[in-house]
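S.K.: Take a look and give me a structure for this.
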Amino acid sequence: ARMALSLGPAESPVGVPARCARWDPNLPDAVGVSHEDGTFTYFLSGGRSVRLQLFTLRHSTPAASGERPGLVTPAAVHAPWSLWSFIRGCPGRLLLCLRHSPHVFTTQISLQQLPTIGAGQQAQFPHVIASSSVQEVAELEGDSALTALTVSSCGCFGATGSLDGTVCFWQIEVGSGPVPSPSHLRPCVHEAAHTAPVTAIAMLTGQVHDAGIQTALCASGAADQSVLIFDLHARTRLVSLLTPAAAPISALHLSLIPPYWPAAPADEPGEPTGLVLLG
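M.R.: Model (predicted):
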């Protein structure tokens, strides 16, 4: 069954460890931080910040003391965000996955309603921030927990890796309006592409105008030291590599080398080259 979720204001307890911090590519000086208690803090310049949390809708029963039958109340989701990413070109929009979950969700932070506070002041977020809709990326159905997630630098593609070695990527088309309504088009699923859990995933989308080159690649690395390269447009596997390292791949990065650069291979003149960096 699908969960009905919303993103709303959360309490700000002291001393909760942070899991991950990332710059928002859409706004200068904006940073998002996920915490171990399932909350998420979004910081903007000018002293603005808000603590948010996912909520699921709970329907009361006749046995619930003091509540009318059928009354819907929000219940906080305390599972931490194990994977999440901003979407370039869409200020305040996120893709996220909860720990041990096979589901990807997308939501929107209402930037216009973030309060401005001074030193030593506390903002009453429940009176300022409205809850935002949270939508599941329904096309990406699967049973295996997600272990890697990324969004391309252009904001046009999303990709995930799973515990069972599956790699999935899809095109993101973002709709307009205050509620996030991206249509994730034609997901491409390579089931059990790796024989071990996917531990890193990266994408390369770009073009070299003067050479007429357009590139859209996805690279996935796994615990068995394997690396796979996929063509996002053709939706096919291009290359399979096996690294000599004895440890799982924990980081991946792709770069495009134009054919006229000094670093370009001499054996294929006029052809672009993809550089794979891993650790």
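
S.K.: Rank the helices and strands of this structure by mean pLDDT and give me the bottom one.
M.R.: Here the helix or strand of the chain ranked lowest by mean pLDDT, DSSP states H and E is strand 183-190, holding a mean of 71.

S.K.: low pLDDT regions in this structure?
M.R.: Judged by pLDDT under 70, the chain has its weakly predicted residues at 1-3, 58-72, 111-131, 138-141, 173-186, 207-213, 258-272.

S.K.: what about the strands in the stretch 51-200 of the chain?
M.R.: Ranges of strands within the stretch 51-200 of the chain are 72-76, 81-86, 93-98, 105-108, 132-136, 146-151, 157-162, 167-173, 183-190, 198-208, based on DSSP state E, counting those that start in this stretch.

S.K.: Quick check: can you name the pairing partners of the fourth one and their directions?
M.R.: Just to be clear, that refers to strand 105-108. When pairs are called by DSSP bridges, strand 105-108 turns out to pair with strand 93-98 (antiparallel), strand 132-136 (antiparallel).

S.K.: Output those in TSV, with mean neighbour count and distance to Val198 appended to each entry.
M.R.: For glycine as for every other residue, the C-beta is placed from the backbone atoms N, C-alpha and C. As requested, the strands paired with strand 105-108 are exported to TSV (neighbours: other CB atoms under 10 Å; distance: least, CB to CB, whole Å):
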stretch	mean neighbour count	distance to Val198
strand 93-98	23	13
strand 132-136	18	20
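
S.K.: Spit out the contact partners of Leu252.
M.R.: Ala200, Ile201, Ala202, Ala219, Ser220, Gly221, Val227, Val276, Leu277, Leu278 (CB atoms under 8 Å, 6 or more residues apart in numbering).

S.K.: switch the cut-off to 7 Å
M.R.: Leu252 makes contacts with Ala200, Ile201, Ala202, Ala219, Gly221, Leu278, as judged by CB atoms under 7 Å, 6 or more residues apart in numbering.

S.K.: Would you confirm that the fifth one belongs to a strand?
M.R.: Yep, that's Gly221 we're talking about. Yes. Under DSSP: H, G, I helix; E, B strand; the rest coil, Gly221 sits within a strand.

S.K.: Roughly how far does the nearest residue to it once chain neighbours are set aside sit from Leu238?
M.R.: Distances taken as CB to CB, 6 or more residues apart in numbering place Ile249 nearest to Gly221, at 3.1 Å, with adjacent residues excluded. The gap separating Ile249 from Leu238 is 17 Å, by CB to CB, to the nearest Å.

S.K.: can you list the strands paired with strand 105-108 in a markdown table and add distance to Gly165?
M.R.: Supplementary listing: the strands paired with strand 105-108 in a markdown table, determined by distance: least, CB to CB, whole Å:
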| stretch | distance to Gly165 |
| --- | --- |
| strand 93-98 | 17 |
| strand 132-136 | 22 |
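
S.K.: what about those strands, which gets the closest to Cys168?
M.R.: Cys168 lies closest, by CB to CB, to one member of these: strand 93-98, at 12.0 Å.

S.K.: what's next to the closest one, contact-wise?
M.R.: Contacts to strand 93-98, defined as CB under 7 Å, 6+ apart, come from residues 79, 81-87, 103-108, 146, 149, 151, 158, 180.

S.K.: Select, out of the strands of the stretch 51-200 of the chain, the one closest to Thr41.
M.R.: Closest to Thr41 of the strands of the stretch 51-200 of the chain is strand 81-86 (CB to CB; 11.5 Å).

S.K.: ok, back up a step: next, the contact list for the residue nearest to Gly221, please.
M.R.: Thr199, Ala200, Gly221, Ala222, Gln225, Val227, Thr243, Leu278.

S.K.: Recalculate using a threshold of 8 Å.
M.R.: For Ile249, the contacting residues are Thr199, Ala200, Gly221, Ala222, Ala223, Gln225, Val227, Thr243, Leu278, Gly279, by CB under 8 Å, 6+ apart.

S.K.: Most neighbours among those, which one is it?
M.R.: When neighbours are counted by other CB atoms under 10 Å, Gly221 leads the contacts of Ile249 with 28 neighbours.

S.K.: Any idea how many residues pack against the residue nearest to Ser49 when sequence neighbours are not counted?
M.R.: Nearest residue to Ser49, sequence neighbours excluded (CB to CB, 6+ apart): Phe43, at 4.6 Å. Look at Phe43: counted by other CB under 10 Å, it has 16 neighbours.
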